[in-house]
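S.K.: Kindly generate the corresponding structure for this input.
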Amino acid sequence: MAALNSSSALSSTFYLTGIPGYEKYHHWISIPFCLLYFVGITGNCTILHIVRTDRRLHEPMYYFLAMLSLTDMSMSMPPMITLFRVLWSISREIQFNVCVVQMFFIHAFSFTESSVLLAMALDRYIAICHPLRYATILTPRLISKIGIAGLLRSSLPLIPLMIRLSFFPFCRSHVLSHSYCLHQDIIRLACADIRFNFTYGLMVVIMLWGLDCLGIFVSYVFILHSVLKMSSHEGRFKALNTCASHICAVLILYVPMIGLSMIHRFAKHSSPLIHIFMAHIYLLVPPVLNPIIYSVKTKQIRQGMLLLFLPRNTGSSVM
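M.R.: Residues are numbered from 1 along each chain as shown. This next block holds a predicted model:
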């Protein structure tokens, strides 16, 4: 696994890395990862079930929340498959084509989650700034179009990067620095000019994450402007409180995402543990924390969970 002879991408086999220096503890390390993944899947499936079965939640805000839950699960599932294979000592090998598919889904759903958060910011803007037109603007048909557009917008720009990778020769070490495949990680192993992938990849990040961040920021500027014009202190608090969960979800996604991207590009010689730690936070924390935040901060979701997990009479007494 040191330096291998030059090989084409399609015939290449790569080797995934667990937690360097802690290989003998991999089975124990897998326990918290299993718990986090279980909590994330359970929480997001619960959100989806509540939104689907409770007709009171058939509103734009909760449709977008269901999209967020689906995206969270889709983003965390592909890397968890190979992570557990490595930690349980099943296999560290991954074929190039499998690596590219995994890489595509991880990056595509990361961008999709950003698009969903932008749509949720738009939802809050319309609900607070144009409440009387809320139901007529955000119709189920428009919400479906927003979801499809977000998915296409997040996945189509990645195709040139994936195609370009298939033409790279790999003559350096085939050992990846994570237990799953990331674009930034694999291009550094190529024995070819990677300037296109590096530059185009950075442009995609700026155009998608950057524009989403800008859109969210502008939405909240208008929201704050509208809230500050409210005469009632209670009304201002209620309006801002409906945004609290969304703001937390934005921070939970963007802070680790930006940190991981910056580390890969500008801190390549930092400790491998930092790269691995940030990568796992980026993929595991949003799916775990988002259902918890929305169940705590959103009354309707909290009531739905109480009715789901507690007997009817107990749930009604708690509420």
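S.K.: Rounded mean pLDDT for the helix or strand where Met162 lies, please.
M.R.: Met162 belongs to helix 159-165 when assigned by DSSP states H and E. Summarised as a single mean, pLDDT over helix 159-165 is 90.
S.K.: what helices or strands is it leaning on?
M.R.: Applying 3 or more Cβ pairs under 8 Å, 6 or more residues apart in numbering; DSSP states H and E, one finds that helix 159-165 contacts helix 96-129, helix 183-187, helix 195-205. Where C-beta positions appear, they are placed from N, C-alpha and C, glycine not excepted.
S.K.: Lowest mean pLDDT across those, which one is that?
M.R.: Lowest mean pLDDT within these: helix 183-187, a mean of 85.
S.K.: so for the helix or strand just after the helix holding Met162, what's the average pLDDT?
M.R.: Counting by DSSP H and E, the element after helix 159-165 in chain order, helix or strand, is strand 169-170. Mean per-residue pLDDT for strand 169-170: 80.
S.K.: Direction included, what does strand 169-170 pair against?
M.R.: Sheet pairing of strand 169-170 (DSSP bridges) gives strand 7-8 (antiparallel).
S.K.: mind checking the SS state of the residue in the chain sticking out farthest from the centre?
M.R.: Within the chain, the residue lying farthest from the chain centre (Cα atoms, centre = their mean) is Ser231, at 37.7 Å. Using DSSP: H, G, I helix; E, B strand; the rest coil, the structure places Ser231 in coil.
S.K.: ok, which stretches of the stretch 1-150 of the chain are helices?
M.R.: 26-53, 60-87, 96-129, 134-137, 140-155 (DSSP state H, counting those that start in this stretch).
S.K.: so which of those helices comes closest to Ile194?
M.R.: helix 96-129 (14.7 Å; Cβ to Cβ).
S.K.: between that closest one and helix 140-155, how many degrees?
M.R.: Computed with axes from the mean of the first three to the mean of the last three Cα atoms, to 10 degrees, the direction of helix 96-129 lies at 140 degrees from that of helix 140-155.
S.K.: Quick check: buried residues in helix 96-129?
M.R.: 96, 99-100, 102-129 (16 or more other Cβ atoms under 10 Å).
S.K.: what sits against Ala127?
M.R.: Residues near Ala127 by Cβ atoms under 8 Å, 6 or more residues apart in numbering: 60-61, 134, 242.
S.K.: Low-confidence ranges, the stretch 1-150 of the chain, go.
M.R.: Low-confidence segments of the stretch 1-150 of the chain (pLDDT under 70): 1-11.
S.K.: burial of the nearest residue to Phe170 once chain neighbours are set aside, as a residue count?
M.R.: Spatial nearest neighbour of Phe170, excluding adjacent residues (Cβ to Cβ, 6 or more residues apart in numbering): Ser12 at 5.0 Å. Counted with other Cβ atoms under 10 Å, residues neighbouring Ser12 total 21.
S.K.: you'd agree Ser12 is up against Leu176?
M.R.: No - between Ser12 and Leu176 there is no contact under Cβ atoms under 8 Å: 11.2 Å.
S.K.: mind checking how far Asp72 is from Ile90?
M.R.: Computed as Cβ to Cβ, to the nearest Å, the Asp72 to Ile90 distance reads 25 Å.
S.K.: More neighbours: the two, which one.
M.R.: Just comparing Asp72 and Ile90: by other Cβ under 10 Å the higher neighbour count belongs to Asp72, 28 against 10.
S.K.: Next, the contact list for Trp28, please.
M.R.: So Trp28 contacts nothing (Cβ under 8 Å, 6+ apart).
S.K.: Please tell me how far it sits from Gly150.
M.R.: Noted for Trp28: a distance of 39 Å to Gly150, by Cβ to Cβ.
S.K.: Chain neighbours aside, what residue packs nearest to the spatially most central residue of the chain?
M.R.: Closest to where the C-alpha atoms of the chain average out (Cα atoms, centre = their mean) is Ser110, at 4.2 Å. Distance criterion Cβ to Cβ, 6+ apart; nearest residue to Ser110, sequence neighbours excluded, is Met75 at 5.9 Å.
S.K.: Isn't Thr242 up against Ile128?
M.R.: Yes - in this structure, Thr242 is within contact of Ile128 by Cβ under 8 Å, at 7.4 Å.
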